[in-house]
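Novice: using only what follows, build the 3D model:
(2 chains)
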Amino acid sequence: MNTYTPIFPENSIEFRGVSFRVGSPPAREIVSDVSLTVSHGETLVLLGRSGGGKTTLLKLMNGMLLPAKGQVLVQRRATIDWDRIRLRRSMGYVIQDAGLFPHFSVAENVALVPTLENWPSSRISARVEEMLKLVGLDPNEFAKRLPRELSGGQRQRVGVARALAADPPILLMDEPFAALDPVTRSELQSEFRTLTARLGKTIVFVTHDVREALFLASRVVLLEDGRVVASAPPNEFLRIDHPEVRAFAASFSFGSSAPR
Amino acid sequence: MSSWSFFVGHRGEILAATRAHLELVLIAMFLATLISVPLGMLIVHRPALRNLALGIANILQTIPSLALFGFLIPIPFIGGIGARTAIVALTLYAILPILRNTYVGLAGTDPAIIESAEAMGMTPSQILFRVRFPLALSVILAGIRTATIITIGVATIAAAIGAGGLGTFIFRGVALVSDALILAGAIPAALLALVADFLIGLLERHFRIS
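Specialist: The predicted structure follows:
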């Protein structure tokens, strides 16, 4: 089975027959036999209900979890063979509520990975300024603030800036906009889409919101009980004949219009 | 003779005893912090060692203070009569509150913050020193505050084994049934405890991250 050889293998992620279990016997399988390729430069959205295994797939990508069966390859090397620290520093990571360090200023949060990588301080401060501007925050106003002095949307922007700071080729995002109010959420979604088009990163984005998935994805992968049940570009996704796709399609058409 | 005129008449002695008392407390607290904080960092990820360390510290805490002073007297090098023995006992006594708070503070870091630290590629020791420790600092200081107040009180008993300090007045006062003598020891000890509580409380609030 050699149907997929990514054109730019360097920034790709590949799952080969991956299973993952939790708990001592009887173990519960939360990812079952997943094979999946994330190609260079694509924005792959993992869609599914809560508990469907989306976050587990993300954590299998950066080596926070290791597969019980099968292999996860990042840049063609299995996560188990990677230096875990190196692997993670090559992947930006953004979670719900941003996971910012409350005792670090905005600038220190953004500077985290460059600091760990021992960049010279002049380069770090230039980079922090650049990143804050990139996510639409004025460095003069925000650099010295603490996370608790920011709104939810601003914190999430800082989270994105922090993830991008060391210029990782891959970006992992776990429901980054889920906790925001609808207006802020759709603003950030639009800006994020513009940003990703410009940066050309390989992005894996987890969400349970079908509208967000269709808006941001170059490809949507639907998970149900730890299995991939559908995979298609957004314009074809809703036409797939599968009960879980129909369930998500129903939730979509029931809501208001799609975001801009 | 009123207590007040006794204080005024003996202010030199009272001040000297207060200074000696403070010295006992400061040395014991310094040693206890030096032992407990690193030990607390060590046991965060080691459950077996954690149970052992917290268990021993718990047992030490249950020994009545006067008995602990007594037990130490016959022990070579650290024991005997005098301030050194008292410092050992006070240090042992102060370990538990600091150790427990260090552990609780370090282990209680928001899991989402630890998760993002790991995902950003921080090593376990970077997470310990740059994330867990600064976030736990106010809880650790709360342990140091509790331990300091306990130590100031328990140090009065150290006079029983000849360590000096404010307890000297209290023991003499009990023997002579003199309120003035007892108060000459008790009031400065209470004041020391209040001041320590206030000052360390200030530090604690300074490092609190809400």
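Novice: Three-state assignment for B:Thr18, please.
Specialist: Remark: B:Thr18 carries the secondary structure label helix [criterion: DSSP: H, G, I helix; E, B strand; the rest coil].
Novice: that one against B:Ala190, yeah?
Specialist: No: the pair B:Thr18 and B:Ala190 fails to qualify as a contact (Cβ atoms under 8 Å) at a distance of 11.5 Å. (Each C-beta comes from the backbone N, C-alpha and C, glycine too.)
Novice: higher neighbour count, the two?
Specialist: Summary of the neighbour comparison: B:Thr18 and B:Ala190, criterion other Cβ atoms under 10 Å in any protein chain shown, with B:Thr18 having more neighbours (18 against 14).
Novice: list the contacts of the more buried one.
Specialist: Residues in contact with B:Thr18 (Cβ atoms under 8 Å, 6 or more residues apart in numbering or on different chains) are B:166, B:188, B:192.
Novice: just A:Leu137 next, same as before
Specialist: For A:Leu137, the set of contacting residues under the criterion of Cβ under 8 Å, 6+ apart consists of A:106, A:154, A:157-158, A:161.
Novice: what's the helix or strand hosting B:Arg50 in contact with?
Specialist: Here B:Arg50, judged by DSSP states H and E, is contained in helix B:47-62. With contacts defined as Cβ under 8 Å, 6+ apart, helix B:47-62 is touched by B:39, B:42-44, B:68, B:92-93, B:95-96, B:99-100, B:103.
Novice: any chance of a PyMOL selection covering the buried ones in those?
Specialist: In PyMOL, this line selects whichever of those come out buried by 16 or more other Cβ atoms under 10 Å in any protein chain shown:
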select buried, chain B and resi 39+43+44+68+92+93+95+96+99+100+103
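Novice: quick check: end-to-end length of stretch A:68-81?
Specialist: According to Cα to Cα, to the nearest Å, stretch A:68-81 extends 15 Å from its N-terminal end residue to its C-terminal end residue.
Novice: report the buried residues of that stretch.
Specialist: When neighbours are counted by 16+ other Cβ under 10 Å, the buried residues of stretch A:68-81 are found to be A:70-75, A:78-79.
Novice: can you report how many residues neighbour A:Ser24?
Specialist: The tally of other residues near A:Ser24 (other Cβ under 10 Å) stands at 6.
Novice: my read is that A:Trp119 contacts A:Ser125, right?
Specialist: No: look at A:Trp119 against A:Ser125 with Cβ under 8 Å: they stay out of range, at 9.7 Å.
Novice: near chain B, which residues of chain A show up?
Specialist: For chain A, the residues in contact with chain B under the definition Cβ under 8 Å from any Cβ of the partner chain are A:62, A:64, A:85-89, A:91, A:93, A:95, A:97-103, A:112-113, A:116, A:148, A:162, A:172.
Novice: now with 7 Å, please.
Specialist: Contact residues, chain A versus chain B (Cβ under 7 Å from any Cβ of the partner chain): A:62, A:64, A:85, A:88-89, A:93, A:95, A:97, A:99, A:101-103, A:112-113, A:116, A:148.
Novice: next, count neighbours for the residue of the stretch 1-150 of chain A found nearest chain B.
Specialist: Residue of the stretch 1-150 of chain A nearest chain B, by Cβ to the nearest Cβ: A:Gly99 (3.0 Å). Applying other Cβ under 10 Å, we find 25 other residues in the vicinity of A:Gly99.
Novice: now do it against B:Glu23, distance only.
Specialist: 46 Å (Cβ to Cβ, to the nearest Å).
Novice: re earlier: tell me the one of the contacts of A:Leu137 nearest B:Ile87?
Specialist: Minimum separation from B:Ile87 among these (Cβ to Cβ) is found for A:Val106, which lies at 45.8 Å.
Novice: local confidence estimate at B:Ala142?
Specialist: Reading off the confidence values, B:Ala142 has pLDDT 96.
Novice: does it touch B:Asn101 like I think?
Specialist: Yes: with contacts defined as Cβ atoms under 7 Å, B:Ala142 counts as touching B:Asn101 at a distance of 5.8 Å.
Novice: which one's more surrounded, those two?
Specialist: With neighbours defined as other Cβ under 10 Å, B:Ala142 and B:Asn101 compare such that B:Asn101 has more, 24 against 20.
Novice: near chain A, anything from the strand or helix carrying the more buried one?
Specialist: In this assignment (DSSP H and E), B:Asn101 forms part of helix B:83-107. No: counting by Cβ under 7 Å from any Cβ, no contacts exist between helix B:83-107 and chain A, the nearest distance being 12.9 Å.
Novice: tell me the angle that helix makes with helix B:47-62.
Specialist: Per axes from the mean of the first three to the mean of the last three Cα atoms, to 10 degrees, the angle that helix B:83-107 makes with helix B:47-62 is 140 degrees.
Novice: I'd like the next helix or strand past helix B:83-107.
Specialist: Along the chain past helix B:83-107, the next helix or strand (assigned with DSSP H and E) turns out to be helix B:111-119.
Novice: chain center to stretch B:146-160: distance?
Specialist: The chain centre lies 8 Å from the centre of stretch B:146-160; the measure is Cα atoms, centre = their mean, to the nearest Å.
Novice: follow-up on the earlier one: tell me the buried residues in the helix holding B:Arg50?
Specialist: For helix B:47-62, burial by neighbour count (16+ other Cβ under 10 Å) applies to B:50, B:53-54, B:57, B:60-61.
Novice: what's the first helix or strand after that helix?
Specialist: Counting by DSSP H and E, the next helix or strand C-terminal to helix B:47-62 is helix B:65-72.
Novice: and the contacts of stretch A:203-215?
Specialist: For stretch A:203-215, the surrounding residues in contact (Cβ atoms under 7 Å, 6 or more residues apart in numbering or on different chains) are A:38, A:43-50, A:54-55, A:58, A:61, A:171-175, A:177, A:189, A:193, A:196, A:216, A:220, A:234, A:237, A:248, A:251-252, A:255, A:258-259.
Novice: number of nearby residues for the residue of chain B found nearest chain A?
Specialist: Across chain B, no residue is closer to chain A than B:Ser116, which sits at 3.0 Å (Cβ to the nearest Cβ). Here the count is done by other Cβ under 10 Å, and B:Ser116 has 26 residues near it.
Novice: thinking again about what came up before, pLDDT and secondary structure added to the buried residues of stretch A:68-81, as TSV?
Specialist: Formatted as TSV, these follow (pLDDT from 0 to 100; DSSP: H, G, I helix; E, B strand; the rest coil):
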residue	pLDDT	secondary structure
A:Gly70	92	strand
A:Gln71	93	strand
A:Val72	94	strand
A:Leu73	93	strand
A:Val74	92	strand
A:Gln75	89	coil
A:Ala78	92	strand
A:Thr79	92	helix
